[in-house]
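Novice: 3D, please:
(chains A, B and C)
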Amino acid sequence: MTTTGAQEISVQEAYEQEPVASSARRALSSPWASLAAIVIAVLWTIPTIGLFITSFRPAADIADSGWWTVFTNPSFTLDNYDEVLNGDTALSTYFVNSIVITIPSVLIPVSIAVMAAYAFAWMKFPGRDLIFVGVFALQIVPIQVTMIPLLSLYVDRGLAGGDAPGGGFYTVWLSHSMFALPLAIYLMHNFMRQVPGELVESARVDGAGHVQIFSRIMLPLMVPAIAAFAIFQFLWVWNDLLVALVFAGGNPDVSPLTVRLAELSGTRGQAWYLLSAGAFVSLVVPLIVFLSLQRYFVRGLLAGSVKG
Amino acid sequence: MTTGEKFAQMFIAIALFFGVVAVILLLTQRLRSRRGELIQSAAFVLPAILLICIGLLYPALSTIKQSFGNAAGTENVGFENYKHIFTDEALVRVLLNTAAWVVIVPTASTVIGLVYAVLIDRSRFEKFAKALIFLPMAISLVGASIIWKFVYEYQSTENAQTGIANAVLKFFGFDTYRFLLNQPWNTLFLIVIMIWVQAGFAMTLLSASIKAIPDDIVEAARLDGVGGFKLFRYITVPSIRPSLIVVLTTISITTLKAFDIVRTTTGGNFDTSVLAYEFYVQSFRSFDQGLGAALAVLIFILVLPIVIYNVRQMRKLEAR
Amino acid sequence: MRSRNTRRGAAAAAVLLSAGLVLAGCGGDDDEGGSAGGTSPGEGKAECKDLTQFGDLSGKEVSLYTSIVAPEDKPYKDSFKLFEDCTGASVAYEGSKEFEAQLVVRVKSGNPPDVAFIPQPGLLQTLVKDTGKVVEAPQSVSDNVDEFYGEDWKKYGTVDGTFYAPPLTANVKSFVWYSPKMFQENGWDIPTTWDDMLALSDKIAATGIKPWCAGIESGEATGWPATDWLEDVLLRTAGADVYDQWVAHEIPFNDPAVVEGLDTVGNILKNDKYVNGGIGDVKSIATEPFQEAGYPIADGECAMHRQASFYAANWKEKDPNLEIGEDKDVFAFYLPPIGEEFGNPVLGGGEFVAAFSDAPEVQAFQTYISGGEWVNEKGKATPNGGFVSANKNLDIANVASPIDKLSTEILQDPDATFRFDGSDLMPGAVGAGSFWKEMTAWIAEDQSTQDTLDNIESSWP
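Specialist: So this is what the prediction gives:
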């Protein structure tokens, strides 16, 4: 993006309807504003580009010279990726495990959270606000403190260990769902509250019950918010190492990609060349998910609402 | 297990889950009476409450209990662990660092996320520009730690540089700098990593909220002659205030819990440790269960101001 | 797992419906100790003679948890082949770099592996004392260790008079890596006394190269290579007896003898003329990853790097073409003695095999791995080097690499004084806490020797 490019944009937009942000953007004022956006984008991307370039460099070069030297002294290899993908252990099993772990770990907590958030936002029951504050405050509990109590519970109930049903998938799904709920409910509640109250009231007057309001009015309105949270939850689960290590019952058969990637550098090594390639292999799926879900919320969290 | 079996299992689990949800909704759909509404509410919240109680509340309570126990958790030592924490000189430093993290990370991430969201809104490159800022969130921790190693790595000025930050310094004729070692700025450089990760979160949510501001409000403001920075200050920011609070709160809590960055960059050395890292070290490296639990409880207590602020904001919103 | 297919649906329903964890447990799988009965598949085979007493273990599985991950795990898996052939049992191997924390979590949660390879005797003590879940080693294992290992090694696997864990592998830490080619070209001789080594350092420093390179960065374990330095030197300045007292905290951590030892280390590590070859100044030691700290030797920018035998693997990462050997690109010499009195003790480390079950297959596995056969199997399964053991039955011909051979000779030398890495024996709060941290501050913040040792002393639980 260049300054000229940015000017073109504002010209083009003069024809469009003027929503608040774009006029604010225009107001924050053209060349400087564009420059600021470009600077942020560049600063945010350079470190990642460094990793990307590193992942194509021969191991010996990585230790000796900076990644930017490739521009003056190009030397690339595909060996790193070859070793990561086709090394001693094939990655495909871990890929499958990651997918099998992630999908339910996103769908289940998101669904439960949307329902709970609806109740906290629009239903009346005793202790509602107190419970909501409690739920929200429990975000602070670090997963590390849950490991021993929760795993003990699973073990006592025969859900973990070598004889675990499903080889350990259930405990991983369940744990991810539990840990996601406070934040999910808190965020969804915030978006639910932004739906105008008259909408709910008039539906109630028309004789609609909560279940109808929830499924016919709220859910469609919440699609962008759900998509946004689902992306984050997807990323967190996809990149999670700890929950998988603890709750997958130590079964390599159900271990996700992260478990394998963490071991790429060997017992005492560093192997930047493998780790950087591995990081990009694992990045592909979340990136695809982000790009494909982006269209759901790029128009706004409450797009289509009758608000105002 | 074969791949087919794994997927089959996954689909069975998902189908069962949604089946149960559908049954709950169908069964409670017809209830209209006051008691019926109570049952309805229960059907909506209880699954979540139950999971949270098992997964988070119960472990949190047992942590509080453990914080009064000794290292092995075999006997009760009263407030001994807390006394230890507050008489430890090194902990003052840790608390100061934690405060720096909790103040700087949420503010900076939110400001950057907000400004960026406004700047790129409805531009031709919006999707691409968003993906760039979002990228750090999608990178695994292992990836992020390598990325920043190649930023902060130190070599003395005369040697070839492998860290880009020092390469830039050298290029402009400065001496190279020990980003991770020189106090107190090293903490700031670690904070930068967290901001880098969290700005994408702020940007995504705030951008969505900005787009939800009704156009007629803006129109009205414009007719009144409000424009430019004033529009941003008096219309945009107040309109997305609830989302701003949510984003700030969420990032604050995440920051309070975060220890991975400290762990992988400095290992808590050079006066960069934070409370969450101390908790991790005591619990899982020194295996002092009691002290680790007491540190965790301290983290729980530190979140209280944030909770209280949110409660007051909610009250205000209700009152409106 | 196939056979449980039908149960899976029901289990799923239970889990998801109630989330109340109503599934009934199906525990109680621990068999009684001793033999499983039946005829062992290894009956009549000479190499299986120690294992036939456990009977037919076909279909049994031993779950094993270690800190050793791919690719180093393959030689282990290969070396278990003989065990599997002899007993019919199989070994389920799991390695993780988060091993130490995760092992404790699993044991405390009641979900321990059958067997774990524990790299620090200090961790074994924690597990025994805090959880009580470690199972005492059976007689057959105890006999093996008496037969094949020195007394010291049995002591490290013993907690409060009960013997739990036989030794597995070992490493020798008292090595200084150097480049034989570089030494030859410059006419430098391998030093045989400490003074020689300092004289050589001065000589090298005069040529414009900083003679020593070091790095102690190791993520959350940053500082450990510096603790090895102190231990190695203390053994030479104060002797093994004082060292033992120091490790056991019978003398204070900041005893004058230790102050002297650390100052001796400081003469090298905090000497700007000596360090940090090819990397920077003294402070750069604190941020240089230990894995890369020796690399400047291969580039001719540094001459000496004190690090354990296992560093051999790191050279290959620097450049797969680097050759390790007495007249090759890189090799190691023995850290020389300081004065006659205490001679040249060996500092080393190793791993121990703890069991959390007394099932026959687990006891059979522990017996196999502590016996005379396994070490040779492991040696043969590790053609690229990286395996050393203190087991006297290890045939040096089965040890692949030159540095491993040298290490094995040192460990098998009956006259050598061996001492285990002290930080691995101390309580976690010191050995994996303040000792690392304060040594790092000693270098990075130029903290005085006295303050450093005082701080560690005051942190002793």
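Novice: What sits closest to residue C:421 if chain neighbours are left out?
Specialist: residue C:349 (4.4 Å; CB to CB, 6 or more residues apart in numbering or on different chains). Any C-beta I mention is one placed from the backbone N, CA and C, and that applies to glycine too.
Novice: That neighbour belongs to a strand?
Specialist: Yes: counting by DSSP: H, G, I helix; E, B strand; the rest coil, residue C:349 is part of a strand.
Novice: And it, how far from residue C:228?
Specialist: 9 Å (CB to CB, to the nearest Å).
Novice: list residues touching both of those two?
Specialist: By CB atoms under 8 Å, 6 or more residues apart in numbering or on different chains, residue C:349 and residue C:228 have these common neighbours: C:173, C:308, C:421.
Novice: Need the residues you listed in TSV (columns: pLDDT, neighbour count and distance to residue C:318).
Specialist: TSV is the format used below for the shared contacts of residue C:349 and residue C:228 (pLDDT from 0 to 100; neighbours: other CB atoms under 10 Å in any protein chain shown; distance: CB to CB, whole Å):
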residue	pLDDT	neighbour count	distance to residue C:318
C:173	94	24	20
C:308	93	24	16
C:421	95	25	25
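Novice: Whichever helix in chain A runs longest and chain B, are they touching?
Specialist: Ranked by residue count under DSSP state H, the longest helix found in chain A is helix A:92-122. Yes: contact of helix A:92-122 with chain B (CB under 8 Å from any CB of the partner chain) involves A:93, A:96-97, A:100, A:103-104, A:107-108, A:111-113, A:115-116, A:118-120.
Novice: From chain C, how far out is residue A:94?
Specialist: 12 Å (CB to the nearest CB, to the nearest Å).
Novice: Report how many residues lie close to that residue.
Specialist: 20 (other CB atoms under 10 Å in any protein chain shown).
Novice: How about the contacts made by it?
Specialist: A:255, A:256, A:257, A:259, A:260.
Novice: any idea how far the residue nearest to the second one when sequence neighbours are not counted is from residue A:47?
Specialist: Right, the one you point to is residue A:256. Counting by CB to CB, 6+ apart, residue A:256 lies nearest to residue A:98, which is 4.0 Å off, once chain neighbours are set aside. Noted for residue A:98: a distance of 24 Å to residue A:47, by CB to CB.
Novice: Report the contact partners of residue B:201.
Specialist: A:232, B:109, B:113, B:137, B:247, B:250, B:251.
Novice: who does whichever helix or strand residue C:63 is part of touch, helix- and strand-wise?
Specialist: Counting by DSSP states H and E, the element that carries residue C:63 is strand C:61-66. Packing contacts for strand C:61-66, counted by 3 or more CB pairs under 8 Å, 6 or more residues apart in numbering or on different chains; DSSP states H and E, involve strand C:90-95, helix C:99-108, strand C:115-118, helix C:360-370.
Novice: For that strand, which residues meet the burial criterion?
Specialist: Buried positions in strand C:61-66, judged by neighbour count with 16 or more other CB atoms under 10 Å in any protein chain shown: C:62, C:63, C:64, C:65, C:66.
Novice: ok, so of these, who is nearest residue A:145?
Specialist: Taking CB to CB as the measure, residue A:145 sits nearest to residue C:65 out of these, at 22.2 Å.
Novice: Over to the closest residue to that closest one other than its chain neighbours. Which of the three states is it?
Specialist: Sequence neighbours aside, residue C:113 is the residue nearest to residue C:65 in space, at 3.8 Å (criterion: CB to CB, 6+ apart). Using three-state DSSP, the structure places residue C:113 in coil.
Novice: Distance of residue C:113 relative to chain B?
Specialist: In terms of CB to the nearest CB, residue C:113 sits 17 Å off from chain B.
Novice: Strands - which of the shared contacts of residue C:349 and residue C:228 land there?
Specialist: Among these, DSSP state E puts none in strands.
Novice: so how many other residues sit close to residue C:56?
Specialist: 20.
Novice: mind listing what the closest residue to chain A within the stretch 51-200 of chain B touches?
Specialist: Per CB to the nearest CB, residue B:55 is where the stretch 51-200 of chain B lies closest to chain A, at 2.6 Å. Going by CB under 8 Å, 6+ apart, residue B:55 touches A:146, A:150, A:174, A:175, A:177, A:178, A:179, A:181.
Novice: farthest-separated two in those residues?
Specialist: For the contacts of residue B:55, and using CB to CB, no pair is farther apart than A:150 and A:181, which are 13.8 Å apart.
Novice: quick one: which of the buried residues of strand C:61-66 is nearest residue A:266?
Specialist: residue C:66 (13.3 Å).
Novice: and the closest one, what is it in contact with?
Specialist: C:73, C:76, C:93, C:94, C:95, C:96, C:99, C:116, C:117.
Novice: again, but for residue B:197
Specialist: For residue B:197, counting by CB under 8 Å, 6+ apart, the contacting residues are B:136, B:137, B:144.
Novice: at 10 Å instead, please
Specialist: For residue B:197, the contact set (CB atoms under 10 Å, 6 or more residues apart in numbering or on different chains) comprises B:105, B:109, B:136, B:137, B:138, B:139, B:141, B:144, B:251, B:254, B:258, B:261.
Novice: Of all these, the one with the weakest confidence?
Specialist: Checking pLDDT across the contacts of residue B:197, the minimum falls on residue B:141 at 79.
Novice: Which helix or which strand is home to residue 171?
Specialist: Using chain A. helix A:169-193.
Novice: could you do chain C instead?
Specialist: Using DSSP H and E, residue C:171 maps to strand C:167-172.
Novice: Between strand C:61-66 and that strand, find me the angle.
Specialist: Interaxial angle, strand C:167-172 versus strand C:61-66 (axes from the mean of the first three to the mean of the last three CA atoms, to 10 degrees): 20 degrees.
Novice: gap between strand C:167-172 and the chain center?
Specialist: The gap between where strand C:167-172 is centred and where its chain is centred comes out at 6 Å by CA atoms, centre = their mean, to the nearest Å.
Novice: Let me see the ranges of the helices in the stretch 201-308 of chain A.
Specialist: A:210-212, A:219-238, A:242-247, A:257-262, A:272-297 (DSSP state H, counting those that start in this stretch).
Novice: Need the ones you listed in JSON lines (columns: mean pLDDT and mean neighbour count).
Specialist: Below are the helices of the stretch 201-308 of chain A laid out as JSON lines (pLDDT from 0 to 100; neighbours: other CB atoms under 10 Å in any protein chain shown):
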{"stretch": "helix A:210-212", "mean pLDDT": "87", "mean neighbour count": "21"}
{"stretch": "helix A:219-238", "mean pLDDT": "88", "mean neighbour count": "21"}
{"stretch": "helix A:242-247", "mean pLDDT": "87", "mean neighbour count": "24"}
{"stretch": "helix A:257-262", "mean pLDDT": "85", "mean neighbour count": "24"}
{"stretch": "helix A:272-297", "mean pLDDT": "85", "mean neighbour count": "20"}
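Novice: Quick one: closest of the ones you listed to residue B:120.
Specialist: For the helices of the stretch 201-308 of chain A, the distance to residue B:120 is smallest for helix A:272-297, at 12.9 Å, taking CB to CB.
Novice: Hmm, residue C:435 is touching residue C:441, no?
Specialist: No: Residue C:435 lies out of contact with residue C:441 (CB atoms under 10 Å); the separation is 11.2 Å.
Novice: Residue A:83 touches residue A:264, doesn't it?
Specialist: Yes: between residue A:83 and residue A:264 there is a contact at 8.7 Å, judged by CB under 10 Å.
Novice: between the two, what contacts are shared?
Specialist: Common neighbours of residue A:83 and residue A:264 (criterion: CB under 10 Å, 6+ apart): A:271, A:273, A:274, A:277, A:278.
Novice: Relative to residue C:218, which of the contacts of residue B:201 is nearest.
Specialist: residue B:137 (27.7 Å).
Novice: Sticking with the closest one, tell me its helix or strand.
Specialist: Using DSSP H and E, residue B:137 falls within helix B:126-138.
Novice: how much does that helix deviate in direction from helix A:272-297?
Specialist: 130 degrees.
Novice: touching chain A at all, helix B:126-138?
Specialist: Yes: Helix B:126-138 comes into contact with chain A (CB under 10 Å from any CB of the partner chain), by way of B:126-138.
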